[in-house]
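Undergrad: here is the input, now give the coordinates:
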Amino acid sequence: ASADEPVIAKVDADASPVMWFALTSETHTQLQLSDAVNRLIKPRMLVLPGAADLRIFGERKTSMRIFVEPAKLAAFRLTVADVESALRAQNVEIPAGRIESRLREFNVLAQTDLQTPEEFGAITIAQSGGYPIRIRDVARVEVAAAEERGFQRFMGKTAVGFGIIRQSTGNPLDLSKAAIAEIPRIQESLPKGMKIELNYDSSVFIAESIKAVFSTIGEAVILVALVIFFFLRSFRATIIPLITIPVALTGAFFIMYAFGFTINTLTLLAMVLAVGLVVDDAIVVLENIHRHIENGMGRLQAALVGTREIGFAVVAMTLTLAAVFAPLAFATGRTGRLFIEFALALAGAVVVSGFVALTLSPMMCSVLLKHETKHSKVYVWIENGFEAFTRGYKRLLNVALDNRLIMVLIVLIVAGSAALLFKNIKTELSPLEDRGVIFGFVSAPEGSNSDYVVKYVEQIESIYKLLPETLAYGGNGGFPNVSDGTALLRLKDWKDRTRTQSEIAKELTPKFQAIAGVQAFPTQPGSLGANPRAKPIEFVVLAAVPYEQMQAFVRSMQAEMAKNPGFVNIDTDLRMNTPELRVRVNRDKVVDVGANVDVVGRTLETMLGGRLVTRFKQDGEQYDVIVQVARDGRDTPERISEINVRNRNGDMVPLSNLVTVSEGVSPRGIAHFQRVRAATVNANLAPGFTQGEALAYMNDAAKRVLPATVQNDLSGQAREFRDSSSDIYFVFLLALGFIYLVLAAQFESFVDPFIIMLTVPLSMAGALLALTLTGNTLNIYSQIGLITLVGLITKHGILLVEFSNQLRDQGMGIREAVIEAAVLRLRPILMTTGAMVLGAVPLARAVGAGAESRQVIGWVIVGGMLLGTTLTLFVVPTAYTLLARAGRGVREREIAEAESLAQHPVPQAGE
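TA: Reported below is the predicted structural model:
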């Protein structure tokens, strides 16, 4: 009877509600509101698509409360055990069988169960002097809340809150849409005076973020179109690569559907990058065909010759970019799940675009392009400007090739700068996003009850009320501990406020810290679906020692953290200050008076903690019947002495004669980590202080203050940050290896891929510099951008090296070939770079929901492509003149030997 009923739900253990609602009323009690939530709201919410559970806050569970009075029990020489026995014996529901006649039968139900306080109060416990002693003579009987240790508030009023938790595979947008549609129908079924209010809907951020990304895709398409038109100055020519965008995106969506992926912010980010990326191959093919047509070749012949010339490079570029994402299959955890969706969506778009570039684009070129003999003044002006630019580039390239040692030094300096930037850049799991909500957490001294906590939650609500950005606010307490409280602030829409979530939280921090009597602090929900209560730093101390000694280790770590202003709201889960009353039973005295230790323990449990004795029915629902001393009868330690037990002779013995009561403290909870006793030190971070800096500081602090026998580990977001960081380095190295092998197979050379991949450190330097200058960090999103950048920048090297090889095969010298290749491929390289950079600009300049994550990827692409392309145009030709001779020579010797062998076969034995 003392165990809770098991509950099964399809839900993650740390799942948070997708939506929070509040049920309010001016005329109904919390007990009635709670009953309405359980009977009228919960059943209808749980049948919504994707709903797993309904979490209720501030609930008052209906029960029949038997508040016994120890003094009256003693007067009638009764104990609480007598009350329990009478309840069990006289509140029963038993099917009594059936009556069977010749033609009919009747089920017989003995109505022996009780349903009202009056009926329970009339139960006879015992007889005294011929008169019955009833429960109402020794107790107060009423329908009341089973427990009142939590609370819920909304807009300054008492309420009952409920949050919908989605299934692990459920779609939050679908669930939110279904819930919003169902609420008006539920409202109609509620008693008059009750009203359902929306407190917070996390799906709004998701929907707004997706909407913003769709808008970004449109902006990227326009900018890419402008780039193409600027270089080709022809509407006909501009249409050809633009056709690739819808075809490639459709293919990517089909691949996402085949793998069971959803349209989310990350897969849509892949689509944004794909807009600038998928036109690359079509641009390269188009530009080559366009060049031949402008030189006087027929359209059909130009399409065939131009595609044949560039076909190898397009295949190589497509396979290279696809190879970049292959190692992401080795990424684990949440990082792996995020990466693989992004990677497959983008890789799918690239593969489709490569196919379109070699099939549909040449066909369209043969139909739409034509040789223009007369051009507009704008065309001529742009063309003259580009030719002047090309001549200037050719002169600078010759200078670079004349000073190859200086170019080598430049490459080393840039690569060294990339390494230095990488070492010093701030790192974190993910950027803090403006999700339109702030949580204020209240942690009261151990032993505080909900009445104490609610006063401070009200103070925070009064602060929220004065903010111009406030849309709604609410608070709750009792979860996860009775001394904890939360005050939620829902902000106005992103377009309706001028300050960001972080700026508002920064203003709130000193106001919260000024609240005396509790530890109060604002926090912002983490990205990637992190629990709002989870802190970014969770440092675990492990040692096989008593918890009192463990506390000393924890305090030394907290003291070190307090020296660094980057840590705020430093706390620990090891609290040795929970007040408790220790009741020690004198076993000898218990035996002497003829009592029983078990009876003493059970009596204390019932009188002070409350015991579920039986159940009763009301309106078709079953509720608990709980026996306990009323709150005012257990408000001081001295009240324990008023409780009595019965000895074997039937005499009443006060507990004060059998027990000794003393005050003490104990840990709030006892934790283990990896099967070892552990305590966790947790903290929030000040603005500008990142997880990487915090963990580095804590590792150094642990070496200084913790003994060598004490281990440490990480938990929560900090652990995920560490694991994802190690994963990404492994994935990055694998990506480089995969690309090298793919290029080696394509070029049948180990030297050419090396020359091409010299572009990687150049682009990395640009990306890291852009992140540093814009105040961004190295996080999961910027890491995605960096891996993508590897595939993007190598495309330029492929174009230069492959065309140089073609020219050399036609008899040109190395220097002449590489200069000719660089000049001829300058236009497509600038076009693809412009398309990619301008396609990423809307990301870099993103605003609104989720803008912080999009900005990081955008700046990586913009910075990496600009610097990488600029240096690639000089570094790759220089490296080619230094290294290609040896590499190409080996290939030429192999070809010569094969031809000689074919002309002069080796005689076989016997010939």
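
Undergrad: any weak-confidence spans in the stretch 751-900 of the chain?
TA: 885-900 (pLDDT under 70).

Undergrad: where exactly do the helices run in it?
TA: In the stretch 751-900 of the chain, helices defined by DSSP state H, counting those that start in this stretch lie at 751-756, 759-773, 780-809, 814-824, 826-844, 851-903, listed in chain order.

Undergrad: could you dump these to CSV with mean neighbour count and distance to T112?
TA: Where you see a C-beta, it was placed from the backbone N, CA and C, and this is true even at glycine. Converted to CSV, those look like this (neighbours: other CB atoms under 10 Å; distance: least, CB to CB, whole Å):
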stretch, mean neighbour count, distance to T112
helix 751-756, 24, 87
helix 759-773, 24, 75
helix 780-809, 25, 64
helix 814-824, 20, 98
helix 826-844, 24, 72
helix 851-903, 20, 64
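
Undergrad: need these in CSV (columns: distance to A552).
TA: Below are the helices of the stretch 751-900 of the chain laid out as CSV (distance: least, CB to CB, whole Å):
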stretch, distance to A552
helix 751-756, 56
helix 759-773, 41
helix 780-809, 37
helix 814-824, 68
helix 826-844, 49
helix 851-903, 40
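
Undergrad: so which of those helices comes closest to Y697?
TA: Smallest distance to Y697 across those (CB to CB): 20.3 Å, for helix 759-773.

Undergrad: relative to helix 780-809, how tilted is that closest one?
TA: Interaxial angle, helix 759-773 versus helix 780-809 (axes from the mean of the first three to the mean of the last three CA atoms, to 10 degrees): 150 degrees.

Undergrad: next, the angle helix 826-844 makes with helix 759-773.
TA: Counting by the same axes, to 10 degrees, helix 759-773 points 30 degrees away from the direction of helix 826-844.

Undergrad: in the protein, which segments are predicted with low confidence?
TA: In the chain, residues with pLDDT under 70: 1-15, 329-335, 372-376, 379, 528-532, 885-911.

Undergrad: so G161 sits in a strand?
TA: Yes - under DSSP: H, G, I helix; E, B strand; the rest coil, G161 sits within a strand.

Undergrad: go ahead and confirm it touches F154.
TA: Yes - contact status for G161 versus F154: in contact at 7.1 Å, counting by CB atoms under 8 Å.

Undergrad: if we can go back for a sec, any idea which of the helices of the stretch 751-900 of the chain gets closest to T265?
TA: Among the helices of the stretch 751-900 of the chain, the nearest to T265 by CB to CB is helix 851-903 (7.2 Å).

Undergrad: next, the contact list for D201, please.
TA: By CB atoms under 8 Å, 6 or more residues apart in numbering, D201 lies in contact with V18, M19, W20, S176, I180.

Undergrad: coming back round to it: spit out the residues that contact G161 and F154 alike.
TA: Shared contacts of G161 and F154 (CB under 8 Å, 6+ apart): A22, N199, G474.

Undergrad: can I get stretch 71-85 as CSV, trimmed to CA atoms?
TA: Provided in CSV are the C-alpha atoms of stretch 71-85 (Å, rounded to 0.1, in the frame of the first residue of the first chain):
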residue,chain,number,x,y,z
ALA,A,71,-4.7,13.8,22.9
LYS,A,72,-8.2,12.5,22.1
LEU,A,73,-6.8,9.1,21.1
ALA,A,74,-5.1,8.9,24.5
ALA,A,75,-8.2,9.9,26.3
PHE,A,76,-10.1,7.0,24.8
ARG,A,77,-7.1,4.7,25.3
LEU,A,78,-6.8,4.2,21.6
THR,A,79,-3.8,4.3,19.2
VAL,A,80,-3.6,5.2,15.5
ALA,A,81,-3.3,1.5,14.7
ASP,A,82,-6.8,1.1,16.0
VAL,A,83,-8.0,3.7,13.6
GLU,A,84,-6.2,2.0,10.7
SER,A,85,-7.7,-1.3,11.5
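
Undergrad: how close does F231 get to G385?
TA: In this view, F231 and G385 are 11 Å apart by CB to CB, to the nearest Å.

Undergrad: which one of the two is surrounded by more residues?
TA: A count of neighbours by other CB atoms under 10 Å puts F231 above the other of F231 and G385, at 23 against 10.

Undergrad: now do the more buried one against V837, distance only.
TA: 13 Å.

Undergrad: do L467 as well
TA: 39 Å.

Undergrad: with A822 instead?
TA: Separation of A822 from V837 (CB to CB): 20 Å.

Undergrad: next one: V141
TA: Going from V141 to V837 by CB to CB gives 77 Å.

Undergrad: V457 - how many residues pack around it?
TA: Using other CB under 10 Å: V457 sits among 24 other residues.

Undergrad: which strands and helices lie in contact with the helix or strand hosting it?
TA: In this assignment (DSSP states H and E), V457 forms part of helix 450-465. With contacts defined as 3 or more CB pairs under 8 Å, 6 or more residues apart in numbering; DSSP states H and E, helix 450-465 has these neighbours: strand 151-154, strand 437-443, strand 470-477, strand 484-491, helix 501-513.

Undergrad: highest average neighbour count across the ones you listed?
TA: When those are scored by mean count of other CB atoms under 10 Å, the highest mean neighbour count falls to strand 151-154 (a mean of 26).

Undergrad: which elements pack onto that strand?
TA: For strand 151-154, the packing partners by 3+ CB pairs under 8 Å, 6+ apart come out as strand 19-25, strand 160-166, helix 450-465, strand 470-477.
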